[in-house]
Every structure is written in structure tokens, then in C-alpha cells.
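>>> Predicted model, plus sequence, below.
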Amino acid sequence: TDLSVCLSGKRRIKPFLNRSEQEFVASRRDTVLQTLKKLKIQCSRKEVPNIALLGSGGGQRAMVGLLGSLVELDKAGLLDCILYLSGVSGSTWCMASLYQEPDWSTKLETVKDNIIERVKGPEVSLTDAMAKLKKYYYGKDFFSLTDVWAVMAVTSYVKEIDEHALTEQRNQHKKDPFPIYTVIDKQCKQSNEQNPWFEINPYEAGYSLTGAFVDTCDFGSQFHKGSKKKHQDEFDMLYLQGKKLCHRKMYNCFTDAGISICKCMAQWIWGRKYNFLHNMTDEAVHSTILQSETRDYIDAGLLQNSPFFSVLREERDIDLIISLDFSQGDPFMTVRNAAETCKTLNIPFPEVTSGDKMKPKDFYVFKGQNSPTVIHIPLFNVVNCGDKVEDLRKKYRTFQDPYSAEMIADLMEVAGKNISNNREKLKEQIAAVIEEKRFSRFNTFLNKDSFRLNIE
């Protein structure tokens with residue numbers, strides 16, 4: 001079976017956007033155009049920039065930080081300029097909460113208040129947690145540490161068991177950015193193959209750079225040579241949020257069990273699913289992927305803690321990337337690693353020069369020829385934190401108990417300042433990208449006209 005042929009419209013390996021995403025993008029670009037007019041930024045329909053907003057991993061710090069950033073983007077009138085919203089790990093906790101609400105960006109203040117009220121509230125009861133764990137255990141072929149982590153750890157931060165399916169979001173978010181959740185293929189990572197980045201959106205799930213995709217409702221079902229052999233129910237949003245991996249936190253969740261838990265960790269698996277590419281043939285996909293019946297999908301932060309490669313697909317044609325970095329440690333590692341990997345893979349990306357990682361500023365712009373412009377914004381910086389950058393890093397660690405109400409409010413404010421303080425700079429860079437597209441179109445026109453005259 002050749003993967004180049006769509007089989008029943010369910011699986012494909014062609015580097016194009018599926019019809020639903022194409023329709024979404026076309027509609028969203030109209031929204032962006034109207035927003036630019038409100039901001040008094042000159043732009044024609046053909047010059048509308050494709051802008052992607054990225055949220056890095058970072059546990060509850062990333063969840064709260066992304067929420068605070070989005071709130072301020074909305075207040076600045078810039079949220080409706082965003083075409084794609086993509087997240088890793090803790091940022092997906094925020095995304096999952098937002099996308100529960102249809103067209104959340106039209107009522108973000110209310111949605112934000114509801115999310116904050118929930119995460120400040122009581123934890124999921126042990127009875128409900130055990131009932132959910134039982135559902136996971138008996139409801140599918142593979143029960144793994146991802147299930148346990150989702151139920152016993154993630155719920156302690158998000159304070160709910162979200163049983164909605166990702167496909168339920170179809171046609172509910174025409175006024176919101178297009179959501180992309182990212183993980184990585186564990187086996188690809190371990191073998192250093194150049195295809196580990198895996199994305200999941202309401203319509204498709206698959207390998208970002210190869211372009212091998214399956215309908216999201218069939219992701220996890222058993223396939224053989226392109227035919228579905230056994231259906232598995234679609235995973236829910238709690239499980240998707242559970243793709244965040246942390247052995248240490250898992251151990252803390254089961255202190256009473258002690259060393260037997262450690263043995264389970266050594267034997268158990270993370271995020272195992274049936275491989276929808278099993279025994280298919282195509283030169284674009286490495287043979288080891290095609291041969292295996294199952295694949296393990298884990299937290300993307302273990303390789304690249306920001307979802308650059310979900311939006312660097314050539315067919316998405318991104319003009320501007322806004323990278324919100326909520327990482328612990330070096331705030332330039334994500335963008336620097338992305339640049340290095342892109343150089344290896346011959347993917348257009350600007351050259352990155354790191355700033356002072358101990359005293360970063362709040363706004364960096366990286367530009368390159370024929371590549372997207374990248375704006376990089378570290379969460380804690382000398383502008384919004386003064387001389388307390390290191391103190392805040394220690395206060396808001398990735399692995400610690402859920403934040404208090406006061407900590408959440410303070411972190412929302414810190415993250416929000418990174419947007420409100422740079423509102424005009426963001427508008428300037430959007431305008432600059434539009435000007436570059438205008439100049440590029442003009443040069444293309446001149447070259448075509450010159451070619452026609454020479455022919456005549």
C-alpha cells in the first residue's frame with residue numbers, strides 16, 4: 001500500500017494542509033485582516049501575515065504564564081492577529097482549559113476568571129481519580145504511566161478530569177487561533193532520527209515534517225497496511241495533558257508504595273499507541289517506523305521544549321513566530337536548539353544570538369533571509385522582574401506543589417507585562433513582516449514582467 005494515496009480519507013503522507021485546516025486558515029486570515037485595520041496597520045488581503053504563537057513547557061508556570069500572556073494580547077487588540085496557537089507540556093494545560101469553551105477568545109476575561117477559580121479550588125477527590133484510572137485500565141489495550149501521571153499528578157494542578165475529546169472542538173472555534181498540541185516519538189528520539197516531532201490537532205495527528213497523518217478520531221486505533229483492524233476510542237484531553245513526563249513527581253504521588261513503584265517505572269511504558277503507519281510503504285518515512293506495530297509518544301520537552309517544528313511545516317507558510325518561553329533554566333535554549341536543528345535539516349530559520357541567560361531582556365527579534373521572523377520573550381527578565389529574576393525562578397519551579405492563589409495572581413501579572421510593555425514593538429514587527437511580503441510580491445511581479453518583455 002502506497003502512503004502517497006489517501007486511504008478512505010483517513011491516512012496520508014502528502015505535505016499539504018488537510019481541507020478542514022485550509023478552510024479554517026482562510027476564514028481566520030479574514031479575521032486577521034480586519035484586526036490589522038483596527039490597529040491601523042496597512043495590509044492587503046494577499047499580504048496578511050501568518051502568525052504563530054508558541055507556548056513552551058514548564059508545568060504550572062507555563063500554564064499560568066500562557067494564560068496571562070493571552071489575556072494581555074487580547075487587551076492590546078493583538079490576539080486576533082494570531083493564526084496558530086501551539087503548545088508543549090504545561091502550555092497545553094492552558095490550551096486544553098481554553099478550548100473547552102467554544103470561541104473562547106471572544107470572552108477571554110470570563111473564561112480566564114473561571115480557569116483561575118478552578119485551579120485555586122479543591123483537588124479532584126481520590127474516589128473520582130481512582131474511578132478514572134479504572135476507566136483507563138479497562139478501556140484500552142495499553143495502560144501506561146501516562147495514564148497514571150494524568151490522573152494522579154496533572155489533576156492536582158488543573159483540578160479537573162477533562163473527558164472531552166479533541167475532535168469535539170471541530171467547528172467550535174472559528175473565532176479562535178488554530179490549536180496544535182505537540183509531543184515527540186520516543187523511538188525516533190532515541191535513534192536520533194530526524195522525524196520525532198508529532199502534532200495533534202482537532203482534525204489530524206501525525207509527524208509534522210514528514211507529513212504522515214491520520215484522522216484524530218483514529219489515532220490510537222490498530223492499523224495494518226493502511227486498513228483499520230481494531231478501533232480504539234479516542235483519547236480524552238486529560239490523557240493528552242498527561243503527556244508531560246516526570247518520574248520524580250510520579251514517585252512523590254505514591255510515597256506509600258515506595259520501591260515497588262520504582263520497579264513499575266522501570267518496566268512500564270509511556271504513551272504507547274498503535275502505529276497507524278504499520279507495514280505501509282513509503283520512501284518519505286523511515287523503515288523502522290513503518291515496521292513497528294506500536295509507537296510511544298512522550299513529552300516534547302524531553303527533546304525541544306517549544307513547538308517550533310509544528311509551525312515550521314513549509315505548507316503552513318509562517319511569516320512571524322512569537323515564542324513565549326516559560327522554561328526553567330536557560331531561557332534561550334529552545335530558540336537556539338531550534339535554529340541549530342533547522343540548519344541541519346535545511347529548514348529556513350534566522351540565526352540566533354543568545355542574550356544574557358542570567359539577566360535576559362523581555363524582547364528579542366531574530367530575522368533571516370527567506371525565513372520567518374522570530375520574536376522570543378523570556379518569562380522572567382530584567383524588565384518585568386528587575387533584580388529578582390533568579391528569585392522568581394526559584395519561587396516558580398517546574399516541579400513543586402500547586403501554586404497558591406497569590407502566586408497565580410503574581411505570575412499572571414509578570415507574564416502579562418511581557419506583552420503590555422511590548423505592545424508597540426509587537427505591532428512594529430507585524431507591520432515589518434507585512435512590508436517584507438509586499439516587497440517580495442513587488443519583486444516577483446517585476447521579475448515576471450521582465451521575463452515577459454524578454455520573451456517578446
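That came through, no problem. Residues are numbered from 1 along each chain as shown.
>>> Which helix or strand contains residue 171?
Using DSSP states H and E, residue 171 sits within no helix or strand.
>>> Tell me how many other residues crowd residue 190.
10 (other CB atoms under 10 Å). For every residue, glycine as well, the C-beta is placed using N, CA and C.
>>> Can you read off the backbone torsions of it?
phi -70, psi -30 (degrees, to the nearest 10).
>>> now residue 384
According to degrees, to the nearest 10, residue 384 has phi -90, psi -10.
>>> Does it touch residue 361 like I think?
No. Counting by CB atoms under 8 Å, residue 384 sits too far from residue 361 to count as a contact (10.1 Å).
>>> who has more neighbours, these two?
Applying other CB under 10 Å to residue 384 and residue 361 shows that residue 384 carries more neighbours, namely 20 against 13.
>>> In space, what's closest to the residue positioned nearest the centre of the chain - neighbours in sequence excluded?
Among the residues of the chain, the one closest to the centroid is residue 87, at 2.2 Å (CA atoms, centre = their mean). Closest residue to residue 87 apart from its sequence neighbours, by CB to CB, 6 or more residues apart in numbering: residue 55 at 4.2 Å.
>>> Hmm, residue 93 and the one you found touching each other?
No. Assessed by CB under 8 Å, residue 55 is found out of contact with residue 93, at 9.8 Å.
>>> Quickly list what's touching both of these two.
residue 62 (CB atoms under 8 Å, 6 or more residues apart in numbering).
>>> what's the neighbour count on residue 102?
Quick note: residue 102 (other CB under 10 Å) scores 15 neighbours.
>>> typo on my end, it should be residue 129
With other CB under 10 Å as criterion, residue 129 counts 17.
>>> For it, report the pLDDT, please.
Turning to residue 129, the model gives it a pLDDT of 90.
>>> just to revisit the earlier point, ok, what's across the strand from the residue nearest to residue 87?
Beta bridges link residue 55 to residue 87, residue 324 when assigned by DSSP bridges.
>>> So what's the predicted local confidence for it?
For residue 55, pLDDT reads 97.
>>> In contact with it, which residues are there?
62, 65-66, 69, 85-88, 91-92, 94-95, 306-307, 324, 326.
>>> Listing partners with orientation, what would you give for the biggest strand by length in the chain?
Longest strand in the chain by number of residues, with DSSP state E as the criterion: strand 178-185. Sheet pairing of strand 178-185 (DSSP bridges) gives strand 84-88 (parallel), strand 197-200 (antiparallel), strand 294-299 (antiparallel).
>>> Tell me where the model's unsure across the stretch 201-350 of the chain.
243-259, 261-268 (pLDDT under 70).
>>> in it, which spans are helices?
Ranges of helices within the stretch 201-350 of the chain are 237-241, 247-253, 259-267, 287-291, 308-311, 333-345, based on DSSP state H, counting those that start in this stretch.
>>> tell me what the first one is packed against?
Judged by 3 or more CB pairs under 8 Å, 6 or more residues apart in numbering; DSSP states H and E, the packing partners of helix 237-241 are helix 90-98.
>>> which residues touch the helix it packs on?
By CB under 8 Å, 6+ apart, helix 90-98 touches 55-64, 66-67, 70, 85, 87, 104, 111, 115, 118, 154, 157-158, 162, 176, 179, 181-182, 237, 240-241, 243-244, 324, 326, 398.
>>> Which element is encountered next along the chain beyond that helix?
From helix 90-98, the next helix or strand downstream (DSSP H and E) is helix 108-119.
>>> Can you flag the buried ones in the contacts of helix 90-98?
Burial of these was assessed by neighbour count (16 or more other CB atoms under 10 Å); the buried members are 55-64, 66-67, 70, 85, 87, 104, 111, 115, 154, 157-158, 162, 176, 179, 181-182, 237, 240-241, 243-244, 324, 326, 398.
>>> What pLDDT does the model give residue 399?
On the pLDDT scale, residue 399 gets 85.
>>> okay but it is in contact with residue 58, surely?
No. Between residue 399 and residue 58 there is no contact, the gap being 10.4 Å when judged by CB under 8 Å.
>>> circling back: return the most buried member of the strands paired with strand 178-185.
strand 84-88 (a mean of 28; mean count of other CB atoms under 10 Å).
>>> Name the residues of stretch 432-442 that are buried.
For stretch 432-442, by 16+ other CB under 10 Å, it's 433-434, 436-437.
>>> One more: stretch 172-186?
Neighbour-count burial for stretch 172-186 [16+ other CB under 10 Å]: 173, 176-186.
>>> average pLDDT across it?
Per-residue scores along stretch 172-186 average to 93.
>>> can you check stretch 20-34 too?
pLDDT averaged over stretch 20-34 gives 95.
>>> go on, stretch 420-434?
Here the average pLDDT along stretch 420-434 is 97.
>>> who's the closest residue to residue 213 other than its chain neighbours bridged to?
Nearest residue to residue 213, sequence neighbours excluded (CB to CB, 6+ apart): residue 206, at 3.3 Å. As for beta bridges, residue 206 partners with residue 199, residue 213 under DSSP bridges.
>>> Can you verify my assumption that residue 206 contacts residue 218?
No. Residue 206 lies out of contact with residue 218 (CB under 8 Å); the separation is 10.9 Å.
>>> any residues in contact with both of these two?
residue 276.
>>> Just the endpoints, please. Distance across stretch 218-232?
7 Å (CA to CA, to the nearest Å).
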